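[1] Give the three-dimensional model of this entry:
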Amino acid sequence: FPSHDTIGIWIGADGENYLTGYEALNREGVFSKVEILNYWPAGYPLVILLMSLLGKSWALTTLALFQSAIFSLSVYLFTTQLAQTRLKKFSYLVFALIILNPTLTLSSIAIGYESLTASGFLIVVAVILRDLIDKNEKKFLKYLIVNSIVLGLLAFMQPRLIIAGVLIMISWILVRK
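    Model prediction:
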């Protein structure tokens, strides 16, 4: 990408579009009138913009580190909850298969919302598992709020994920009842 230094991160499939959106937001603010923001989701460029608050020259490196940390944390949370189910003996294998999966792991150092959404869905499933293990009515509201926030952030980055989020929440509530 000629106008932006991408040291510290790879350009994903739609990376140029996200960088163009980020640069427009960086120049003109959140009310930018750049055409790409009319038809391309602005959520992920806004995430890049938030990372640039820590330093514009390190924005993409910070983004790669952030995505990698979130991915690692989400895999840990998911497998920790999985270890408390009947699938306990497979939890370490699942952890190894997810964390060593080149597609998932390497997407965390690429410009693209895919890594953050995969991480978000792992966190949502971990919270659902925690709720189904606890069966505590008092904690359900807390779990519901956490999952709603995570799924809201995912839909913020990619609006088409609203459908998946609604289906997950409905399925969770039906299984719970």
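[2] Skipping adjacent residues, who's closest to A13 in space?
    Once flanking residues are discounted, A13 sits nearest to G112: 6.5 Å by C-beta to C-beta, 6 or more residues apart in numbering. Glycine gets a C-beta too; all of them are placed from N, C-alpha and C.
[3] If you count contacts, what does the longest helix seen in the chain end up packed against?
    Determined from DSSP state H, the single longest helix within the chain is helix 59-82. For helix 59-82, the elements it packs on are helix 43-52, helix 91-99, strand 110-111, helix 114-134, judged by 3 or more C-beta pairs under 8 Å, 6 or more residues apart in numbering; DSSP states H and E.
[4] Quick check: mean pLDDT of the shortest one?
    Right, strand 110-111. The pLDDT scores in strand 110-111 average 90.
[5] What of the longest one?
    On average, the pLDDT along helix 114-134 is 95.
[6] re the thing from before, what's in contact with the longest helix of the chain?
    4-9, 22, 47-48, 51-52, 54-55, 88, 90-92, 94-95, 98-99, 104-105, 108-111, 115-116, 118-120, 122-123, 125-126, 129-130, 133 (C-beta atoms under 8 Å, 6 or more residues apart in numbering).
[7] Buried ones among these?
    With neighbours counted by 16 or more other C-beta atoms under 10 Å, the contacts of helix 59-82 contain buried members at 4, 9, 22, 47-48, 51-52, 91, 95, 98, 104-105, 108-111, 115-116, 118-120, 122-123, 125-126, 129-130.
[8] show me the contacts for the most centrally placed residue in the chain.
    Relative to the mean C-alpha position of the chain, the nearest C-alpha, by C-alpha atoms, centre = their mean, is the one of L116, at 2.1 Å. For L116, the contact set (C-beta under 8 Å, 6+ apart) comprises 44, 47, 67, 70, 154, 157.
[9] The fifth one: neighbouring residues, count only.
    Read that as L154. Look at L154: counted by other C-beta atoms under 10 Å, it has 24 neighbours.
[10] Run through the residues that contact it.
    Counting by C-beta under 8 Å, 6+ apart, L154 makes contact with 116-117, 120-121, 161, 165.
[11] Now with 6 Å, please.
    L154 makes contact with 117, 120, 161, according to C-beta atoms under 6 Å, 6 or more residues apart in numbering.
[12] Throw these into a markdown table and include distance to M169, thanks.
    Below are the contacts of L154 laid out as a markdown table (distance: C-beta to C-beta, whole Å):
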| residue | distance to M169 |
| --- | --- |
| T117 | 16 |
| G120 | 13 |
| L161 | 12 |
